[in-house]
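Chemist: What would the 3D arrangement of this be:
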Amino acid sequence: MTDYERVADALGNTMWITWCTGATLDDVLALYGGGWDPPTAATLREADEAAHLGVEEGLLVLFVGALGHGVVLMEPLLPCVWTHERMHLSQAGVCLDVGWSDFATPFVTYSEKGHVVVRFEGTGWDYGATPDQQTVERWMSTTPGGLEGWQNNHGTASLMTAEAIMGAPMDEQWLAREHICLTRRRSDSERPPPRSVGLGELLKQVESR
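Modeler: All right, here's what the predicted structure looks like:
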């Protein structure tokens, strides 16, 4: 049985994780075929170190591996997967996209066939839940973690849900193996794609108007 707490600890401060069924490594490489450096083999630890060493240069690092029924995309430190790209990858199946960082709002998005089913903040979905709080809670209740599991820890609930979706665990053994690492330099004009708007940020926007 997967020790979800140990896996969560091993992930450290990975910025975002996206699990997609129905997608392959070839699909990901085709999507990021232009403007990125040639793919290399690396472990998550090595990809994370590369991201931290290149933070001042705006180095984008995308760590990708095959898992069960699809692929996992992990973004150490700086986000680099845009919303339309995740929607493209979910066309043939489903995608679970989870914020996994101390530095950003832990947003969770579940999509099917290119359409968002639910979206909510991992630490509180009573405000801004999509399409609404009741639908989000019903969706949570259908997942392995259940409603209580999401309330207690969105990280471990995400791992449990992802394992059920993918049909295979993203466990410590998977994390320790080499997978594909893609890198490129972010230009000065680029900005991280918007992932979520927290209540505090929304109130600031309203006040500024």
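Chemist: which other helices and strands contact the host helix or strand of Gln151?
Modeler: Using DSSP states H and E, the element containing Gln151 is helix 146-152. Here helix 146-152 is seen to pack against helix 133-142, helix 154-166 when contacts are counted using 3 or more C-beta pairs under 8 Å, 6 or more residues apart in numbering; DSSP states H and E. In short, each C-beta sits where N, CA and C put it, glycine included.
Chemist: which of the residues in the shortest one are buried?
Modeler: By neighbour count on 16 or more other C-beta atoms under 10 Å, the buried set for helix 133-142 is Val136, Glu137, Trp139, Met140.
Chemist: picking that back up, and the helices and strands packed on helix 146-152 as JSON lines, adding distance to Val7?
Modeler: Formatted as JSON lines, the helices and strands packed on helix 146-152 follow (distance: least, C-beta to C-beta, whole Å):
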{"stretch": "helix 133-142", "distance to Val7": "20"}
{"stretch": "helix 154-166", "distance to Val7": "6"}
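Chemist: Select the helix or strand of this protein having the lowest average pLDDT value.
Modeler: When the helices and strands of the chain are scored by mean pLDDT, DSSP states H and E, helix 199-208 comes last with a mean of 44.
Chemist: And for Ala176, the neighbour number?
Modeler: Using other C-beta atoms under 10 Å, Ala176 has 11 neighbouring residues.
Chemist: Quick check: chain neighbours aside, which residue is closest to it?
Modeler: Of all residues beyond its chain neighbours, the one nearest Ala176 is Thr43 (6.5 Å), with distances taken as C-beta to C-beta, 6 or more residues apart in numbering.
Chemist: same deal with Leu44?
Modeler: Leu175 (5.2 Å).
Chemist: Now for that neighbour: which residues touch it?
Modeler: With contact taken as C-beta atoms under 8 Å, 6 or more residues apart in numbering, Leu175 is in contact with Val7, Ala10, Leu11, Thr43, Leu44.
Chemist: The last one contacts Phe63, doesn't it?
Modeler: Yes: counting by C-beta atoms under 8 Å, a contact exists between Leu44 and Phe63, whose distance comes to 5.8 Å.
Chemist: Between the two, tell me which one has more neighbours.
Modeler: Per other C-beta under 10 Å, whichever of Leu44 and Phe63 has more neighbours is Phe63, with 25 against 22.
Chemist: Backbone dihedrals for that one, please?
Modeler: Dihedral pair for Phe63: phi -100, psi 120, per degrees, to the nearest 10.
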